[in-house]
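Asker: Fold the following for me, if possible:
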Amino acid sequence: MDFLQRGYKGLLGEKGQPQSALETVSKLCDRANNSTLLEDRRAAILGLKGLSREYRLEVGENALPGLLRILEEDKEDVDIVKAILEILNILCTPDRQRESKSIDLGVRYTDILVEDSKNLPLLLDLLKQFDFYVRYHDVQLLSMLLTIRPDRVQECILSAPIGIPRLMDLLNDRREIIRNEGLLLLIALTESNAEIQKIVAFENAFEQLLEIIAEEDGLNGGIVVQDCLQLIVNLLRYNVSNQNSFRETSCIQRIPALLGYPIRQNQPFQHEIQFLFQDWPEQQVNNTLVLLELIRILVMPNNTNTIKNQSVMHQYRVLQPIIELALASNAPSSVKTQALYALADLIRGNQASQDFFAKIVVGVPNPSFHSSASTNSSSTYQTQSKDNLRSNDRAFIRQEDMSEPPPRPALVALLAVAVGAEHLESYATRAAATYAFEGYIDDNPDGQIFLASTLAPPPHIDPYSDTIIARSQSTGTLLLSALLEWEESAADPYVVWFASVIFSHILKDNEKAKEYARAIDTGDDEHEDETLGLLHAITGNLMMATRHKGDPRVLIGYLCLLCIWLWDSPKSIRDFLSEGSHLQILLTPITQSSGVDARVQGLCAFLLGICYEFNNEVDAPITRSTLQPILLNRIGVDQFVNRITRLREAPNFKHASQYLQVTSEEEAKGLPDLFFDYCFVEFFKNNYEIIQKSIIADPKSGPSSKSSAINGNSVSNDNEYSLSATSMIASMKSVIQNHEQQINEFKERIRTLEQELESEKISAANQISFLNAQISSLQNTIEIHNTKYATLQKEQDDLLVCLADQDESIKKYRQKLIILGESVTDVEEEEDPEEDDSETKEDPTGDQ
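Answerer: Next up, the predicted model:
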């Protein structure tokens, strides 16, 4: 009751009249700052808290400095601390509905709060209070300050000795709200600051976070699991030392358990069926996506830790659950897509992982449980699903009477996803599967030869027969089926495009694989079909697609495949030129001035240049001497160069996705803008100048010395090219090392300049503070002198008044003397005061 009376009296002015908000705030501030009793200060602060929402400006302008001082002096009083923290939260909240030109009070008061370097350490020190509301409001305030002024808050937390440890203590708080708020604060704090990331990791963050995830039931848990995983991702991204710490503290070994695959020592891997039939709530999807992102960070290409992390993950069987999740689950499309990207990075360039992937078998997902993934497919693709399934269903035995199809090789399952042989996966998932296939082939010549050896044309099927013939489920059969039967997949051009990209990676820089491919014949003699070599069949499909105005993606896919196949392969070029119409197929688009895609024209020119550059077989059907006049007369050097240049400048070519990514926006509008494989783009950029110059070279001179062509006629030329290539590689390595050294020097210089800038900022801030102090001192001095001047001015005015009174008295006395008959002369009035003084000294008692 006493508190209410004091509060009510504080809101009344003189004679009990209500006072304005400003007057009330001023009175409460005065009471909070000057009251000696703790209860009076507490009552005043509670009054300010009640006014802070409605009268935010008045409270902020008048009470903020005093509140910060009281917070430091009375930080042991829980009620005062809690009330002040609530007021600070209200004052620093950004204005969401303010006008564009008005000042944001939240930002203004935040700047005032973080300007003093003592305030943030004080807020961190308050975290030692165990009171729920003190911790809760303190963490919220720190999060808000970090959102508005991240750099300044990070700087103060780094400089505070107890900063990071106090924040890490929040993770041990058994009250979930406090722990969760602390998680969010740490996530925001570790997004971009490498030093803070290192300190947080050093405070045993990985183990604590993994323990919280385990307590929350792993990926089946709620949003807290997602926050913990996100914090781990922040600590690992672009931070090599933290990645080392994560690996060395045996945290990688706990990843399979998170995915539901506990490590069984000395036991062979067993197929789990939980992914085949489990439900996928939205939160579990989000948790899984963040975990897959974490795995990808650890095995990011071209990272110094990637090889070690790949080896540890292979050793502790992280690869198995990723394969099952990507290829044998009913997971949503987004999860399968990210699992395929993680799979690609796990096996890229790692021989042990690649061999394991080639041997493993996976279960076949039940289509009835596949609805969650298929719903993400584009509407355009779904409308043509009947045509696709009609052709693709021929690849498998009809198993109506079987409850569960038998497992199959993971390579077959991966290729089936990429070319859409079974389920209507989204374009993003199929692109990820193609990227994973590239990861398996990367730096794996044995894998290329193995896949090339499985190439076999699909058996002939009578469309009018009721008999279903089982096709071999080999990787090569599925690949050629997608590559050659383009007419049945015309509604979905990416069947051919993805198949062409995969096939080009199988053949790239591997003459043995190209030899296997050249030996493949398509058609069926038993059914009186004309047999064609695979190279001729693909070129024939290119010709038919051109005549029927096929989708540019189909044409681009075939042309990119032929460029990779014929590059540095004189025998393949001889086979290609053995059919005279093939040359015309390439010449016609180049010479047309309209109606042809510029990208197709550029690829045709590039492919013609390859045919000329590496056409050095003695028994070639069309020699270089015969081919050069055709190129010069039918096309011309300028047009040849322009076609290739326009291809290089095409937007889809320049902005080709490095990871074959398809965005959700592209998925929603239908066919994505995916035209070129990034590896082909890099291959083209490295070699297009050689091809542009090749057609003007002497036909008898052989391939350019800059190219890596092999002259089969001369061993000396082989050695010359080998030496030239070795020299060029060494030169490029030297250039790369120099560039890396310069980059490191620039980084060091930038770091030095940043330190100097920070030092200058601190020095300038100190100087500004010193000058402000001097200004305050001078202002006080000026006020003192003004006061003295006013006093002297007043004294002077008083003296002038006295002098005026004396003059008046003298006049009266003169009048009296005149009346008395005394003579008063002007000389007496003008007598020098010094003479009067001397006379007075000579006769002080004399009569006048």
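Asker: ok, the spatially most central residue of the chain - contacts?
Answerer: Within the chain, the residue whose C-alpha comes closest to the C-alpha centroid is Arg237; the distance, by C-alpha atoms, centre = their mean, is 9.6 Å. When contacts are counted by C-beta atoms under 8 Å, 6 or more residues apart in numbering, Arg237 is found next to Ile297. (Glycine included, C-beta is placed from N, CA and C.)
Asker: And for Leu57?
Answerer: Counting by C-beta under 8 Å, 6+ apart, Leu57 makes contact with Leu105.
Asker: For it, give me the pLDDT.
Answerer: Predicted confidence (pLDDT) for Leu57: 90.
Asker: Phi and psi next, for it.
Answerer: For Leu57, the backbone dihedrals are phi -60, psi -50 (criterion: degrees, to the nearest 10).
Asker: Low-confidence ranges, the stretch 601-750 of the chain, go.
Answerer: Filtered on pLDDT under 70, the stretch 601-750 of the chain yields the residue ranges 702-731, 734.
Asker: What of the stretch 201-350 of the chain?
Answerer: 262-277.
Asker: all helices for it, in order.
Answerer: Taking DSSP state H, counting those that start in this stretch, the helices of the stretch 201-350 of the chain run over residues 205-215, 223-236, 240-248, 255-258, 274-277, 282-298, 306-315, 319-327, 333-347.
Asker: Repeat that for the stretch 501-650 of the chain.
Answerer: Using DSSP H, counting those that start in this stretch, the helices assigned to the stretch 501-650 of the chain run over residues 511-518, 534-547, 552-566, 570-577, 580-591, 598-613, 624-630, 637-649.
Asker: Buried residues, the last one. List them.
Answerer: In other words, helix 637-649. Judged by neighbour count (16 or more other C-beta atoms under 10 Å), helix 637-649 contains these buried residues: 640-644, 647.
Asker: Same question for stretch 305-324.
Answerer: With burial defined by 16+ other C-beta under 10 Å, the residues of stretch 305-324 counted as buried are 305-306, 308-310, 312-314, 317-324.
Asker: Ala432: which of those is nearest?
Answerer: Within the buried residues of stretch 305-324, distances to Ala432 taken as C-beta to C-beta reach their minimum at Ile322, with 12.1 Å.
Asker: which ones are touching the closest one?
Answerer: Under the criterion of C-beta under 8 Å, 6+ apart, the contact list for Ile322 reads 259, 292, 295, 339, 342-343, 346.
Asker: What is the nearest of those to Ile502?
Answerer: Scanning the contacts of Ile322 for proximity to Ile502, where the rule is C-beta to C-beta, the winner is Leu343, at 14.8 Å.
Asker: Tell me how far the residue nearest to Gln351 when sequence neighbours are not counted lies from Ala452.
Answerer: Across the structure, with C-beta to C-beta, 6 or more residues apart in numbering as the measure, the residue nearest Gln351 apart from its sequence neighbours is Asn444 (7.1 Å). Between Asn444 and Ala452 the distance, using C-beta to C-beta, to the nearest Å, works out to 12 Å.
Asker: Would you mind listing the residues touching both of these two?
Answerer: Jointly contacting Asn444 and Ala452 under the rule C-beta under 8 Å, 6+ apart is no residue at all.
Asker: re the thing from before, count the residues that sit near the residue nearest to Gln351.
Answerer: Applying other C-beta atoms under 10 Å, we find 22 residues neighbouring Asn444.
Asker: I'd assumed Ala352 was in contact with it.
Answerer: No: in terms of C-beta atoms under 8 Å, Asn444 does not count as a neighbour of Ala352; the distance is 11.3 Å.
Asker: Which among the helices of the stretch 501-650 of the chain is found nearest to Pro493?
Answerer: Comparing the helices of the stretch 501-650 of the chain against Pro493 with C-beta to C-beta, the closest turns out to be helix 552-566 (4.1 Å).
Asker: What is the closest one packed up against?
Answerer: Under the contact criterion of 3 or more C-beta pairs under 8 Å, 6 or more residues apart in numbering; DSSP states H and E, the helices and strands touching helix 552-566 comprise helix 494-507, helix 534-547, helix 570-577, helix 598-613, helix 678-694.
Asker: so that helix versus helix 511-518, what angle?
Answerer: Between the axis of helix 552-566 and that of helix 511-518 there is an angle of 120 degrees, by axes from the mean of the first three to the mean of the last three C-alpha atoms, to 10 degrees.
Asker: Using PDB, write out every CA atom in helix 552-566.
Answerer: As requested, C-alpha coordinates have been extracted for helix 552-566 and formatted as PDB (Å, rounded to 0.1, in the frame of the first residue of the first chain):
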ATOM      1  CA  PRO A 552      17.900 -26.500 -77.200                       C
ATOM      2  CA  ARG A 553      18.800 -28.600 -74.200                       C
ATOM      3  CA  VAL A 554      18.700 -31.800 -76.200                       C
ATOM      4  CA  LEU A 555      20.900 -30.300 -78.900                       C
ATOM      5  CA  ILE A 556      23.300 -28.800 -76.400                       C
ATOM      6  CA  GLY A 557      23.600 -32.000 -74.500                       C
ATOM      7  CA  TYR A 558      24.400 -34.000 -77.600                       C
ATOM      8  CA  LEU A 559      26.900 -31.400 -78.900                       C
ATOM      9  CA  CYS A 560      28.700 -31.100 -75.500                       C
ATOM     10  CA  LEU A 561      29.000 -34.900 -75.400                       C
ATOM     11  CA  LEU A 562      30.500 -35.100 -78.900                       C
ATOM     12  CA  CYS A 563      33.000 -32.400 -78.100                       C
ATOM     13  CA  ILE A 564      34.200 -34.300 -75.000                       C
ATOM     14  CA  TRP A 565      34.200 -37.600 -77.000                       C
ATOM     15  CA  LEU A 566      36.200 -36.300 -80.000                       C
END
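Asker: Rounded mean pLDDT for it, please.
Answerer: When pLDDT is averaged along helix 552-566, the result is 96.
Asker: just the angle between that helix and helix 637-649, please?
Answerer: Using the same axes, to 10 degrees, helix 552-566 lies at 110 degrees relative to helix 637-649.
Asker: Gln742 - how many residues pack around it?
Answerer: Other residues near Gln742 number 10, with proximity taken as other C-beta under 10 Å.
Asker: I misspoke; the intended subject was Val285.
Answerer: In terms of burial, Val285 registers 15 neighbours under the definition other C-beta under 10 Å.
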